[in-house]
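*Asks:* Here is my input, please return the structure:
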Amino acid sequence: MCRSPLEAEAPAGDSGRFVTVVTSDLKGSTALGERLDPESLREVLNRYFAVMRAVFESHGATIEKIIGDAIVAVFGLPFKHDDDAIRAVEAASETQRALATLNDELEKLWGVRLVNRTGVASGIVHFGRDAEGQHVLSGETVDESTAMEQNAPPLEVLLAETSYREVADHVEVADEGPKSAKGSDVEIQSYRLVTVRSRPSEAETAP
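*Replies:* Sure, this is the predicted structure:
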């Protein structure tokens, strides 16, 4: 398990912070381990997580944790941007293109291709420290992001309604209906990300 501590504490009495959480989980790693020797498997996974981390961080995310086969990226901590939700869906979309490129390399070297599922949700999170002294996030937003990831089709991004409301003018989606997390009866309206519209660069918008 690898964790990256968040760099800012919540102010005293703060009830939480509005953020967008992206959860991406790698599927089929057990079968992958049956096809590759331990050293090759470790190299494949290291390459995968390095690519995912680079994409998320290039869009301003903090990697809250990499645990098992999952990576959790947070937009809005420790630094808040007005467009954190848009940054999140842009990053989630880019991870799929980056994975397609990586898969071409992995297929040539090891004859394997990776499959992940990605979920996005926005809302209030609470953060503190665990028994090891590391920062951890909690709250419904984290659970919604996980629920979206669990229900996303392979190699697709699923947005919770909380995120879709924030980015509706910037994306094209397909309505996937209500989804529930494993073991939960709570239904969350979901949307499959189809495309993210390009935004003008700073140079294009400068007077």
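
*Asks:* rest of the way, CA atoms for contacts and neighbours
*Replies:* Noted.

*Asks:* in this protein, which helix or strand is least confident?
*Replies:* Lowest by mean pLDDT, DSSP states H and E among the helices and strands of the chain is strand 2-3, with a mean of 40.

*Asks:* residues contacting residue 116?
*Replies:* With contact taken as Cα atoms under 8 Å, 6 or more residues apart in numbering, residue 116 is in contact with 24, 25, 26, 27, 154, 155, 156.

*Asks:* Where is the longest helix in the chain?
*Replies:* If you go by DSSP state H, the chain has its longest helix at helix 84-110.

*Asks:* Give me the buried positions along the biggest strand by length in the chain.
*Replies:* What stands out as the longest strand in the chain, according to DSSP state E, is strand 115-129. Within strand 115-129, the residues that count as buried by 16 or more other Cα atoms under 10 Å are 115-127.

*Asks:* Starting from whatever helix or strand comes next after that strand, tell me which strands it pairs with and how they run.
*Replies:* With elements assigned by DSSP states H and E, the helix or strand that comes after strand 115-129 is strand 135-138. Looking at strand 135-138 with DSSP bridges, its partner strands are strand 115-129 (antiparallel).

*Asks:* re earlier: between the longest strand of the chain and helix 84-110, what angle do the directions make?
*Replies:* Angle, strand 115-129 to helix 84-110, by axes from the mean of the first three to the mean of the last three Cα atoms, to 10 degrees: 130 degrees.
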